[in-house]
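K.L.:
sequence and predicted structure below; questions after.
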Amino acid sequence: MPTDPKPTTTPEPTCRVVEAGAAFTGKQGLTYAPAISAETVGARGLHMQIVTIPPGAWAKPHKHENHETAIHVLSGRSGTWYGENLEHHLAAGPGDFVYIPANMPHQPYNLSATEACIAVIARTDPNEQESVVVLPDLDALHAAERKAG
């Protein structure tokens, strides 16, 4: 005779449509509007949100412990310093995709002094802010660029 399935504490995932949630300021210092997450749909391995980087704004140097990140730039242009000492640089604009490996220190910023940069972020951390590790020891590395911006 078959036994009843084990009771679960989380409901079975199902298809859903969600709107972006209320914007919040993350540990990184940028504004995020969460959409798909453990909290909103019970996601188990994925988080998706919209980030807005105001004109001239810089995030705090940080990494996402044990989680990969994929970014799709919708509008504006961003730069990102990355590497153990933020020694590498990339720039991305509308239509570009950016990949950031797990545990990679990085510091994104807006290349424009007049236009916001808006992007969709997907991360393998369904709880989004739990894996964020701010790296204050790296903060002074690009201070001159921030002041010049």
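P.N.:
Thanks, I have the structure now. Note that the structure is a prediction, hence the values are computed from the model and not measured.

K.L.:
when you work out contacts or count neighbours from here on, use the C-alpha atoms and nothing else.
P.N.:
Will do.

K.L.:
give me the below-cutoff pLDDT ranges for this protein.
P.N.:
Low-confidence segments of the chain (pLDDT under 70): 1-12, 149.

K.L.:
remind me, longest helix of it?
P.N.:
Identified as the longest helix of the chain according to DSSP state H is helix 143-148.

K.L.:
what helices and strands are in contact with that helix?
P.N.:
Of the remaining helices and strands, none touches helix 143-148 by 3 or more C-alpha pairs under 8 Å, 6 or more residues apart in numbering; DSSP states H and E.

K.L.:
would you mark the buried spots in it?
P.N.:
In terms of neighbour count (16 or more other C-alpha atoms under 10 Å), helix 143-148 has no buried residues at all.

K.L.:
pull out the CA atoms of that helix and give them to me as PDB.
P.N.:
This file holds the C-alpha atoms of helix 143-148, laid out as PDB (Å, rounded to 0.1, in the frame of the first residue of the first chain):
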ATOM      1  CA  ALA A 143      38.100  57.100  -4.700                       C
ATOM      2  CA  ALA A 144      39.800  59.500  -7.200                       C
ATOM      3  CA  GLU A 145      37.500  58.300 -10.000                       C
ATOM      4  CA  ARG A 146      34.400  58.800  -7.800                       C
ATOM      5  CA  LYS A 147      35.400  62.300  -7.000                       C
ATOM      6  CA  ALA A 148      36.100  63.100 -10.600                       C
END
